[in-house]
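Novice: Test case, fold it:
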Amino acid sequence: MGVLVDTKNGSTSRSTAQHTSSLFFMTLPSDQIWMLEWDASSAQTSHKQAIYALLSRARYTREEIESLYRSLAGIAAQAHALRDIEAVELASQIMLALPVSSRAKNVARYYQAFYVKRKGDFEAARQRLDLLLDEELDPRLRARALITKGATYFDAGQIDQALPFYIEAGQLGRNCELAALVGSLHQTAIIKGMDGDHHAAVADLEALVPVARQIASRDPEEYAALMNSYAVELGEIGQVEQALNVVSRVACFSSLVPQISETIPELKSKLPTRKHSVVVIHRPEPVAALQANPNRGRKRVRTSTLVMREAERRFTSLRALPASRVLPATILAAINPARQPAKPRAP
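Specialist: The predicted structure is shown next:
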């Protein structure tokens, strides 16, 4: 009966449990992931509308309950990937209320812990995760739970307490869950950068980029966050232009990773100021052009030279007036008695 409780022994088969846990991992359509103008609010509205539509059609038979659970798990998985926490919380509450097996409800319990953590109640999230980790979980779900528990310490500033959970999640992820492995190594690289070892952080993140592309359709937030961290560390070692090129690739995911909107202007502020210089190039005149017009190659007379020549022409006393303009001495004396012609010097 799939996810429903077996009324004979109260348990589910191993294959059924594995199939149930696989509902947690879904791949988003590529057109929704790589849409440049993705609207987070419209996605959140569509998730809730889908949940309400499922409830309105449910008829509460065993078959319908099983179908309802699977549909809700699919919506919760997609909302989890897009970090629509309100839809995650709503879907997980309904999943917990359905008469399904306790093992099947572990997925919903993880979603509840994830929701509480995203709301900032780290202590309550740890308590829920501890109860969940005490159960027999699918390795993929356990790896995700460890990542989330480590994040409760990391976001609270308790870096040393977060690191062991990241390492354990990475060890589990090597065999079964690529997204958990990427998340674990990503956080470990961030911690190296926080300790001042930026070159080691860049090397680790650069090696993760090809792997992160493989999980982009399953966990776009993790992919975008990793690329943002890679850009930040590149900026720390002075490779600012390369860092801007990296972060620009995931700028469309700024609604999922708000830090991207802070990284871009911070990197631009680190760009060196470029001084613009002007180079004057004197192009020689062709020989044929100079022969055709000999005056073309002569230098122009400077403005200052022209002024000096004009002043010399107007004010020099060396140039005599024309004979027609010379006034007799008697007329000069009548106009200006004070101005008498110069007397001859005594011998």
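Novice: Name the next helix or strand downstream of the helix of greatest length in the chain, please.
Specialist: As assigned by DSSP state H, the longest helix anywhere in the chain is helix 62-81. Of the helices and strands lying after helix 62-81 in sequence (DSSP states H and E), the nearest is helix 85-97.
Novice: count of neighbours near L226?
Specialist: Close neighbours of L226, defined as other C-beta atoms under 10 Å, add up to 28. (Glycine included, C-beta is placed from N, CA and C.)
Novice: Help me confirm that Y110 is found in a helix?
Specialist: Yes: the assignment for Y110 (DSSP: H, G, I helix; E, B strand; the rest coil) places it in a helix.
Novice: Could I get the contacting residues of it?
Specialist: Taking C-beta atoms under 8 Å, 6 or more residues apart in numbering as the criterion, Y110 is in contact with F24, L129, L132, L141, R144, A145, T148.
Novice: The nearest residue to the third one once chain neighbours are set aside: how many residues sit nearby?
Specialist: Spelled out, it's L132. Leaving aside its chain neighbours, L132 sits nearest to R109 (5.1 Å; criterion: C-beta to C-beta, 6 or more residues apart in numbering). Per other C-beta under 10 Å, the neighbour tally for R109 reads 21.
Novice: again with F114
Specialist: 24.
Novice: swap in D130?
Specialist: Neighbour count for D130, taken as other C-beta under 10 Å: 12.
Novice: what's the answer for the one 4 residues further on, then?
Specialist: Burial of D134 is recorded as 8 neighbouring residues (other C-beta under 10 Å).
Novice: Could you tell me how far it is located from I264?
Specialist: Using C-beta to C-beta, to the nearest Å, we find D134 at a distance of 43 Å from I264.
Novice: next one: L72
Specialist: Distance from L72 to I264, by C-beta to C-beta: 37 Å.
Novice: Looking at these two, which one has more neighbours?
Specialist: Neighbours per residue (other C-beta under 10 Å) separate L72 from I264, with L72 holding more: 24 against 18.
Novice: need the contact list for the more buried one.
Specialist: By C-beta under 8 Å, 6+ apart, the residues touching L72 are I51, L54, A91, I94, M95, L98.
Novice: Pull out the buried members of those residues.
Specialist: Neighbour-count burial (16 or more other C-beta atoms under 10 Å) is assigned, among the contacts of L72, to I51, L54, A91, I94, M95, L98.
Novice: Please report how far the third one lies from G173.
Specialist: When C-beta to C-beta is applied, the distance between A91 and G173 equals 25 Å.
Novice: can you check the last one too?
Specialist: The span separating L98 from G173 equals 29 Å under the rule C-beta to C-beta.
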